[in-house]
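> just coords:
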């Protein structure tokens with residue numbers, strides 16, 4: 001959930017404006033959660049993930065062929 005649509009229960013203003021200490025604390029907490037959710041593969045497109053999977057499978061197939 002993004003904080004741009006949330007309304008503060010304390011001051012009834014949008015949380016993203018940060019008018020009161022409750023808004024600012026909520027905004028900081030939500031921003032921290034967003035940063036934590038972005039992991040190693042978060043910035044990659046689905047096409048790039050498929051390409052990486054194909055490269056991984058090709059590497060495994062090559063290694064399996066060499067050991068036989």
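Everything's here; your move. Just so it is clear, the structure is predicted and the values come from calculations on it, not from any experiment.

> so who does the residue at minimal distance from the centre of the chain touch?
For the chain, the residue whose C-alpha lies nearest the mean C-alpha position (Cα atoms, centre = their mean) is residue 38; its distance is 2.8 Å. The contact partners of residue 38, by Cβ atoms under 8 Å, 6 or more residues apart in numbering, come to none. All C-beta atoms are positioned from the backbone trio N, CA, C, and that covers glycine.

> quick one: it from residue 44, how far?
Relative to residue 44, residue 38 is positioned 11 Å away (Cβ to Cβ, to the nearest Å).

> tell me the mean pLDDT over the lengthiest helix in the chain?
Scanning the chain for the longest helix, with DSSP state H as the assignment, gives helix 46-67. Mean pLDDT, computed over helix 46-67, is 93.

> what does the model give residue 31 for pLDDT?
83.

> for the helix or strand encompassing it, buried residues please.
In the assignment (DSSP states H and E), residue 31 maps to helix 21-37. Buried residues in helix 21-37, counted by 16 or more other Cβ atoms under 10 Å: 23, 26-27, 30.
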